[in-house]
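Student: I would like the atomic coordinates for the input below:
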Amino acid sequence: MKSKTRFQDILALNVWVNIVSKVNWTALILSGLLVSLGIALLSLRRESLFMDAWLLIAGFGIGCTLVVLLSIPIFMLALIYNYFHKGSLGNKEFLLSDIGITENDGYRETKVSWKKVRKIYITHNHIFIRISILKYMILARRDFESDYKFAQYYSELLRLKENCIY
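Tutor: Sure, this is the predicted structure:
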């Protein structure tokens with residue numbers, strides 16, 4: 001299957017990983033709760049319960065804001081790296097087999113066995129194949145002849161991943 005990875009595909013992946021994935025929401029909520037707990041422990045000597053409630057809410061907000069602010073530079077670095085890294089953008093060819101996936105981008109050929117594929121995600125416009133926390137293969141819907149072919153390719157990926165021998 002031939003595909004052309006564009007900058008917007010990398011952007012879509014980074015947005016999906018940073019906003020949609022459950023891991024970041026869990027980190028966001030936990031950090032908010034930890035900051036709230038810290039503020040609650042610091043304010044134990046206060047006599048006003050009303051003030052403590054507002055401090056807890058403010059602490060939760062501060063914790064969530066800190067996580068978001070810290071993830072922005074990481075998000076931007078990932079975008080810059082993918083923009084300038086040879087082979088990240090441009091034409092690619094994907095070959096599926098019982099052994100794994102082969103990605104050829106004109107600079108190098110990457111072979112990944114099915115046991116190394118962590119998960120396969122589908123969105124409205126993309127298929128994301130997660131290899132590791134920082135490595136994904138991206139397939140855009142626009143590169144398929146039809147929505148049916150896109151769904152069929154996704155089903156084939158899932159079938160091969162499910163039937164692999166570990």
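
Student: could you export the longest strand out of those in the chain as CSV, CA atoms only?
Tutor: Across the chain, the longest stretch assigned as strand under DSSP state E is strand 90-96. Extracted as CSV, the C-alpha positions of strand 90-96 are listed here (Å, rounded to 0.1, in the frame of the first residue of the first chain):
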residue,chain,number,x,y,z
GLY,A,90,6.7,12.0,2.0
ASN,A,91,6.0,8.9,0.1
LYS,A,92,6.0,5.6,1.9
GLU,A,93,5.2,2.0,1.0
PHE,A,94,3.7,-0.4,3.5
LEU,A,95,3.8,-4.2,3.0
LEU,A,96,1.9,-6.5,5.2
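
Student: tell me the mean pLDDT for that strand?
Tutor: The average pLDDT within strand 90-96 is 86.

Student: and what of stretch 152-166?
Tutor: Rounded mean pLDDT across stretch 152-166 is 88.

Student: give the buried residues for it.
Tutor: Buried residues in stretch 152-166, counted by 16 or more other Cβ atoms under 10 Å: 153-154, 157, 160-161. Placement of C-beta: from N, CA and C, glycine included.

Student: cool, and stretch 127-134?
Tutor: By 16+ other Cβ under 10 Å, the buried positions in stretch 127-134 come out as 127-131.

Student: keep only those of the residues you listed that are in strands.
Tutor: Among these, the ones falling in strands (DSSP E) are 127-130.

Student: closest one of these to Gly100?
Tutor: Of all these, Gly100 sits closest to Ile129, with 10.5 Å by Cβ to Cβ.

Student: spatially, which residue comes closest to that closest one, not counting chain neighbours?
Tutor: Residue nearest to Ile129 in three dimensions, not counting chain neighbours: Met137, with 4.0 Å by Cβ to Cβ, 6 or more residues apart in numbering.

Student: so the one you found belongs to a strand, correct?
Tutor: Yes: assessed by DSSP: H, G, I helix; E, B strand; the rest coil, Met137 belongs to a strand.
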